[in-house]
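Kindly return the folded structure for what I paste below:
(2 chains)
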Number of protein chains: 2
Amino acid sequence: MIQAVSECAVNGRLGEIMSDDKQPRRRRGGGREARRATRQSTSVEQLGYITRKIPDFNVMSEEGLALIEANADMILEEVGIEFRDDNEALQMWRDAGADVDGERVRFPKGLCRDLVKTAPREFTQKARNDERSVQIGGRNTVFAPVYGPPFVRDLEGGRRYATLEDFENFVKLSYMTPAMHHSGGTVCEPVDVAVNKRHLDMIYSHIRYSDKPFMGSVTAPERAADTVDMAKILFGDEFVDANTVLISLINANSPMVFDDTMLGALKVYARANQASIVTPFILSGAMAPVTVAGTLAITLAEALAGAAFTQLCRSGAPVVFGSFASSMSMQSGAPTFGTPEPALVLYGAAALARRLGIPFRSGGSLCGSKIPDAQAAYESAQTMLPTLLGGVNFVLHSAGWLEGGLVSSYEKFIMDADQLGMMQVLSGGIDLSVDAQALDAIREVGPGNHFLGSAHTQAHFETAFYRSSIADNSSFEQWEAEGSMDAYQRANKIYKQMLVDYTAPEIDPGVDEALQSYVAKKKASMPDSFT
Amino acid sequence: MIQAVSECAVNGRLGEIMSDDKQPRRRRGGGREARRATRQSTSVEQLGYITRKIPDFNVMSEEGLALIEANADMILEEVGIEFRDDNEALQMWRDAGADVDGERVRFPKGLCRDLVKTAPREFTQKARNDERSVQIGGRNTVFAPVYGPPFVRDLEGGRRYATLEDFENFVKLSYMTPAMHHSGGTVCEPVDVAVNKRHLDMIYSHIRYSDKPFMGSVTAPERAADTVDMAKILFGDEFVDANTVLISLINANSPMVFDDTMLGALKVYARANQASIVTPFILSGAMAPVTVAGTLAITLAEALAGAAFTQLCRSGAPVVFGSFASSMSMQSGAPTFGTPEPALVLYGAAALARRLGIPFRSGGSLCGSKIPDAQAAYESAQTMLPTLLGGVNFVLHSAGWLEGGLVSSYEKFIMDADQLGMMQVLSGGIDLSVDAQALDAIREVGPGNHFLGSAHTQAHFETAFYRSSIADNSSFEQWEAEGSMDAYQRANKIYKQMLVDYTAPEIDPGVDEALQSYVAKKKASMPDSFT
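Residues are numbered from 1 along each chain as shown, chains lettered A, B, ... in the order given. Okay, here's the model as predicted:
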């Protein structure tokens, strides 16, 4: 039995030796902001965005990347990209020297790349609490919550349409999550509010219930304009023109199409010096060839065209190269997540974005499972770890995503948030300081003895390891005595307690009043529309 | 709602377009063996070991690695390693020029490294079906099942002591798993068989119920000798002396101790030209400092001393640098898994093994959870993906591990096995062939159309994406109609069906009889012992 014992858990032995009580949950980060944990205006200690100290993982050689770039150039030059129902956009492309045939735009070799050169390699998105401002691009990684689901789910309530209350809850949970650096955008669709008015409530919620940076509405140009107006009430007109305070998700209608809705929102934001994430949305086999190489070429071509267009709107406007790519079930046509092919696309696209010289968005905690079970966790981890190792700069859907993005899950949010804390530690790499080498401790303890009582261990044990908020590492007997709960049940308790503990960050009462007044006036100006 | 829709699932649309029925499960691998899928003597199509085409992920610089090496040298030279209760080993070290003080052996600078130079950089472990032989070292990765648990668990039976029937079941499941390249060793402890006899049943099970390579007994030198005897019955005396047909797990009693049991088994195997995996077993904070750098230095020192000792036993004997390292809960002393610190240790140790020039063992699908829930899956994926990306050559515990290694889980085995298939695809990297670039398909389809009907998609869709055996990607409505099962429940059905479908590989009746006769004779030669 020696082998069995030495290769498995030794709970008993260590449990006897260690007798300290629960320690305060530990915070550590790899970013230069990490140690600036702030306590200002809230009791929640925050980590700040990540600055990665570990290298980026590349799966492709320089020759491979150059081959994909050549293929994307072919698409831009020969096949072209359609800019639909937007004559202004077509005229802008004509003026820039592109070949416009109907709605099809073909780009002379190098045009898009030349235009993108004026976009910043990285930029700061300001938050109303400047301690929460994030740096997007370079070696930085910013985590933002799930975006877009019309449904929510929790253990007792099951799956149901999302409401504004759910929306506010997810904003509050993001606010309270130390490794969540961003408040995100449509954390769920508040379907109890009219389609033409809900953006006002969403933007107000992000501003009022959090002090982290947030995303703008993109469902219509006038809603984007409302978002900019509200940002100006919060930050002031001049500040907004000089700084990026909004980042917004502009999805392509892949393959090789941009529509007027997205182009309309893009124009509003770019002209206001606000950031756009131009994201080809590709299920390989449907919106691109079934291959990784084919998916990468279309992704790069669409991102290049969209990013170049932002620079036609305003030279120097911040833009992010986005990629949402997954595989699908060829039996049902359903998207599949956490499989190896999208991970390879992610690594490849991240490297292409680095060569292009603008920030990159991809990844998240994606999964196809209907509930936060083992499937959800395997798939999410197999997306999130490539996200970090690949060097993604802006990570949408980093917590809460369930059922292929149809559901924002309360418990999954808690599970994913715990993983984000781990990613933040991992990104810090290996400490090689004299203290971390611990040679004196090794000399002191020597063969056959344990390190638990050594001065070095005593000095560091509170902060030595990441402490999961959700994992149960107690003995089988203790776990059974406490009700044999799975991670789903434990996460349920945690999210509820967080909402009980939540207190809103302070806000200038005059600003709050002005925002509420703006929302009320806008809502009164038009009838409800639910289409 | 456009944004919400475009950022989330599009089941409906694709579901309508795709109408083909379920396809046969697809097999693809990154190794040069991958396409040699064999059908010989069984209906199970196998993948063959992995040859990684993606680069190894390094978190440490050359300077950092050299620093750890210098610290390990200090440990070997100044602190020393204890070889306990084994006078022969101490004399061998004296003869080799080491400084032996009692049981403490101190090594002149460079001695261990010089000795290890005679160990092979990589070697073949022969299986009785040569199609299943594996190459250990270099760019190859071999997956082996869980090792050591005294308990098993499944959905209906719960947690219970393992029996020989369970042992045989896990051997059968490994045999039937395409991405499981190895039959492993103590897939669970058959506690219904006497301690001094169970190794005979275990070795016989591996030989009879599988034709993949397997591991030897290490719980006593005479049991190691029995293992070699049985291998000789199977392969012939001369073949065993000239080839590696066994690989065995030799754990250090970390920190910095080898005991007589492990040394005894090591000597038997090394002298018979069989492979040893010398594995420092470290929970940081207990058997090493709480830091990654301290853990790496002790790991390297112990592995160097153990690997060098194999070469004193027989120059050229195959040896693997092992590392089992995890963090622990400082509240309870329980080991914790899937946290960032052990992942950093793994990346660092893998790089140290590459510099040393011998194969590396680490990782697996490790977790601390009591059941195969989301915790188990997050932790396992956060260990397995680093295992593949770090470049581990031999992966013990790659499927079935639960509860910190106390439990072999049937359902977890199925879940992990599915992940191994994904790792095998991932290891193949990105296909950049002209066909994979799919430029003709892109030209043919053009903007706004879909690729589902294109000739390229039709030609490739059956093999384009990894097909999970366990993930449910159907619609919410369909999933609900089918009983709202979670991954745990689906895995339960799969493992049971596999055991129903199992048929044993053929074996020479004379060999089988000789093996059974050997086991019977050995068992009759001594009374049962349960200690």
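
and the residue of the stretch 201-350 of chain A nearest chain B?
For the stretch 201-350 of chain A and chain B, the shortest gap (Cβ to the nearest Cβ) falls at A:Gly333, measuring 2.8 Å. C-beta: built from backbone N, CA, C; applies to glycine.

pretty sure that residue belongs to a strand, no?
No. Going by DSSP: H, G, I helix; E, B strand; the rest coil, the assignment for A:Gly333 is coil, not a strand.

and after the longest helix belonging to chain A, which helix or strand comes next?
What stands out as the longest helix in chain A, according to DSSP state H, is helix A:292-313. Next helix or strand after helix A:292-313 toward the C-terminus (DSSP states H and E): strand A:319-322.

touching chain B at all, that next one?
No. Strand A:319-322 does not reach chain B (Cβ under 8 Å from any Cβ of the partner chain); its nearest approach is 10.4 Å.

go on, stretch A:238-248?
No. Residues of stretch A:238-248 contacting chain B under Cβ under 8 Å from any Cβ: none, with a closest distance of 9.2 Å.

Mind listing residues that contact that stretch?
Applying Cβ atoms under 8 Å, 6 or more residues apart in numbering or on different chains, the set of residues contacting stretch A:238-248 from outside is A:123-126, A:136, A:185, A:213-218, A:224, A:227-228, A:231-232, A:234-235, A:265, A:269, A:272-277, A:318, A:320, A:394.

again, only this time at 7 Å
Residues from elsewhere that reach stretch A:238-248, judged by Cβ atoms under 7 Å, 6 or more residues apart in numbering or on different chains: A:123-126, A:215-216, A:218, A:224, A:227-228, A:231-232, A:235, A:265, A:269, A:272-277, A:318.

out of these, which are inside helices?
Per DSSP H, the contacts of stretch A:238-248 map to helices at A:224, A:227-228, A:231-232, A:235, A:265, A:269.

Within reach of chain B, which of the contacts of stretch A:238-248 are there?
A:Val218 (Cβ under 7 Å from any Cβ of the partner chain).

helix, strand or coil for the nearest residue to A:Ile470 once chain neighbours are set aside?
Excluding the flanking residues, the one nearest A:Ile470 by Cβ to Cβ, 6 or more residues apart in numbering or on different chains is A:Asp418, at 4.6 Å. Here A:Asp418 is recorded as helix under three-state DSSP.

pretty sure A:Asp418 contacts A:Ser468?
Yes. With contact defined as Cβ atoms under 7 Å, A:Asp418 reaches A:Ser468; the gap is 5.4 Å.

thought A:Pro221 was touching A:Leu266?
No. A:Pro221 is not in contact with A:Leu266 according to Cβ under 7 Å; the separation is 9.1 Å.

Could you work out the most separated pair of the ones in helices among the contacts of stretch A:238-248?
Greatest spatial distance in those: A:Phe235 and A:Ala265, 19.4 Å, computed using Cβ to Cβ.

Looking at those two, which has the bigger crowd around it?
A:Ala265 (27 against 19; other Cβ atoms under 10 Å in any protein chain shown).

now that one: how far from A:Ser276?
A:Ala265 sits 8 Å away from A:Ser276, taking Cβ to Cβ, to the nearest Å as the criterion.

Mind listing the shared neighbours of these two?
The contact sets of A:Ala265 and A:Ser276 overlap at A:248, A:250 (Cβ under 7 Å, 6+ apart).

how deep is A:Asp501 tucked in, by neighbour count?
11.

What's opposite A:Gly322 in the beta bridge?
Counting by DSSP bridges, A:Gly322 is bridged to A:Arg361.

Quick check, pLDDT for it.
On pLDDT, A:Gly322 comes in at 98.

Repeat that for A:Leu76.
pLDDT for A:Leu76: 98.

Over to A:Arg32?
pLDDT at A:Arg32 comes out at 40.

before we move on, back to that, mind listing what the residue nearest to A:Ile470 touches?
By Cβ under 7 Å, 6+ apart, the contact list for A:Asp418 reads A:468-470.

between those, which has the most around it?
Within these, neighbour counts (other Cβ under 10 Å) peak at A:Ser468, which reaches 23 neighbours.

And the residue of the stretch 101-250 of chain A closest to chain B?
Here the stretch 101-250 of chain A gets closest to chain B at one residue, A:Gly148, 4.1 Å apart by Cβ to the nearest Cβ.

Would you check that that residue makes contact with A:Gly405?
Yes. The criterion here is Cβ under 7 Å, and A:Gly148 meets it with A:Gly405 at 5.9 Å.

what sits up against stretch A:117-132?
Residues outside stretch A:117-132 that contact it (Cβ under 7 Å, 6+ apart) are A:36, A:38, A:40-41, A:46, A:133-138, A:140, A:207, A:211-213, A:234, A:243-245, A:247, A:275, A:307, A:310-311, A:315-319, A:357-359, A:505.

Name the residues of stretch A:440-449 that come out as buried.
A:441-442, A:445, A:447-448 (16 or more other Cβ atoms under 10 Å in any protein chain shown).

on that earlier part again, redo the ones in helices among the contacts of stretch A:238-248 as JSON lines? Include pLDDT.
Listed next are the ones in helices among the contacts of stretch A:238-248 as JSON lines, based on pLDDT from 0 to 100:
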{"residue": "A:Ala224", "pLDDT": "98"}
{"residue": "A:Thr227", "pLDDT": "98"}
{"residue": "A:Val228", "pLDDT": "98"}
{"residue": "A:Ala231", "pLDDT": "98"}
{"residue": "A:Lys232", "pLDDT": "98"}
{"residue": "A:Phe235", "pLDDT": "98"}
{"residue": "A:Ala265", "pLDDT": "97"}
{"residue": "A:Tyr269", "pLDDT": "98"}
